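[1] what would the 3D arrangement of this be:
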Amino acid sequence: MTFVMGPALLFCPADRPERYRKAAERADAVILDLEDAVAPADKQRARGAILAQVGTTGEVPELDPSRTIVRVNPVGSAEFGKDLHCLAHTPYRTVMLAKAESPEQLKALEGYHVVALCETALGVLNAPAIAAAPNVVALMWGAEDLLATLGGTSSRTDDGGYRAVALHARSSVLLAARAHGKQAVDAVYVNIPDTDGLAAEAADAVASGFGSKACIHPSQAAVVRAAYAPSEADVAAATDLLRAAADAGSGVFQHQGKMIDGPILRHAEQIMRRAGRDLPQPAQPGA
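    Residues are numbered from 1 along each chain as shown. Sure thing, here's the model as predicted:
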């Protein structure tokens, strides 16, 4: 099974099965959350809800396994083993490991594709080793849990921007993921009514190299998707640039008064891929 890691990933409390389908319809993938979104007293009921929607053997589950992630509790917690027992009876094979801190923890999830959530000081420092684990398919970072492990009170300043330590963690996790060829997922934006702030942060995630951004409310998914979808003007400019490069046939050339080289062309190629367009071919002689 190939997991579809689209741009908008939407968390859904696992103890709210009535929200499963809506979450899946709004986002590119749904994250059934067995950790922070579920109170300790409700975790067993949440696992039961996941099992209930799967049905008996041979039935089609309510959620597409290729677009479903289950966030499990941290390795070593009392709930982790129970989460794995639940997962063993489902078709879901992509999990998000909360508070991932070492590559050794990933061995407990052998056989699963893992989105490792680096949201503690140790997890961020060990992000490169975690990303290198063979069953890790992506890294995500978390701001508020990280600041809590540091003894802080908030990841953001009064103007809504991230504090320096949070920006450092964000960049560290992104670099670790991409250095090992893994996907990078940007953290959630908790101010739900502030769609302008979300749009700006999602646009920065796109420009920085994050492949996805996590959401906590269905309304956020459309904003994130819009940020990842290149405009027609962007596509037209990228097409023109790549066609000029194909016609030039050299490593470095000028285009519209600017020097163009390999990295600039790769930026244009990324725009074409996000738009789902084929790369342009050289113009035919005499065309």
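[2] so what's the residue count around the residue nearest to D261 when sequence neighbours are not counted?
    If the residues on either side of it in the chain are set aside, D261 comes closest to V252, at 4.8 Å by CB to CB, 6 or more residues apart in numbering. C-betas here are computed from N, CA, C, even on glycine. Applying other CB atoms under 10 Å, we find 11 other residues in the vicinity of V252.
[3] which phi and psi does V252 have?
    phi -130, psi 140 (degrees, to the nearest 10).
[4] wait, what's in contact with it?
    By CB atoms under 8 Å, 6 or more residues apart in numbering, the residues touching V252 are 259-261.
[5] show me where this protein has its strands.
    8-13, 29-33, 68-72, 94-97, 113-118, 136-141, 183-186, 212-215, 253-255, 258-260 (DSSP state E).
[6] now for the third one, which elements pack on it?
    In terms of contacts (3 or more CB pairs under 8 Å, 6 or more residues apart in numbering; DSSP states H and E), strand 68-72 is packed against strand 29-33, helix 80-87, strand 94-97.
[7] can you redo these as TSV with mean neighbour count?
    Below are the helices and strands packed on strand 68-72 laid out as TSV (neighbours: other CB atoms under 10 Å):
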stretch	mean neighbour count
strand 29-33	26
helix 80-87	18
strand 94-97	24
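[8] measure D194 to L106 for me?
    According to CB to CB, to the nearest Å, D194 and L106 sit 35 Å apart.
[9] okay, these two: which has more neighbours?
    Counted by other CB under 10 Å, D194 and L106 do not tie: L106 has more neighbours, with 21 against 13.
[10] just checking, T157 touches R163?
    Yes - contact criterion CB atoms under 8 Å: T157 and R163 qualify, at 6.0 Å.
[11] of these two, who's got more company?
    Legend: neighbour count by other CB under 10 Å for T157 and R163, higher for R163 (15 against 11).
[12] burial of E18, as a residue count?
    7.
[13] got a list of what V114 touches?
    Contacts of V114 by CB under 8 Å, 6+ apart are 94-97, 100, 106, 133, 135-137.
[14] now these as TSV including pLDDT?
    Shown next, in TSV, are these (pLDDT from 0 to 100):
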residue	pLDDT
T94	97
V95	98
M96	98
L97	98
A100	98
L106	97
A133	98
N135	97
V136	98
V137	97
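[15] L51: which of those residues is nearest?
    Closest to L51 out of the contacts of V114 is V95 (15.3 Å), distances taken as CB to CB.
[16] residues touching the closest one, list them.
    By CB under 8 Å, 6+ apart, the neighbours of V95 are 69-72, 87, 109, 112-115.
[17] now do it against G251, distance only.
    Per CB to CB, V95 is found 43 Å from G251.
[18] list the residues that contact A179.
    Residues counted as contacts of A179 (CB under 8 Å, 6+ apart) are 128, 131.
[19] make it 6 Å
    A179 is in contact with no residue at all, counting by CB atoms under 6 Å, 6 or more residues apart in numbering.
[20] pull out the buried members of the contacts of V252.
    Among those, those scoring as buried are I260 (criterion: 16 or more other CB atoms under 10 Å).
[21] out of the contacts of V252, which is nearest to L34?
    D261 (47.2 Å).
[22] ramachandran angles for that closest one?
    The phi/psi pair for D261 (degrees, to the nearest 10) is phi -140, psi -170.
[23] and V38, by the same measure?
    Dihedral angles for V38 - degrees, to the nearest 10 - are phi -120, psi 130.
[24] wait, it sits on C12?
    No - using CB atoms under 6 Å, V38 is not in contact with C12, being 10.6 Å away.
[25] spell out for me which residue occupies the centre of the protein.
    Among the residues of the chain, the one closest to the centroid is V185, at 2.9 Å (CA atoms, centre = their mean).
[26] check what pLDDT it gets.
    Here, the pLDDT recorded for V185 equals 98.
[27] any chance you could map the helices in the stretch 151-287 of the chain?
    For the stretch 151-287 of the chain, the helices defined by DSSP state H, counting those that start in this stretch cover 164-179, 195-208, 218-228, 232-248, 262-274.
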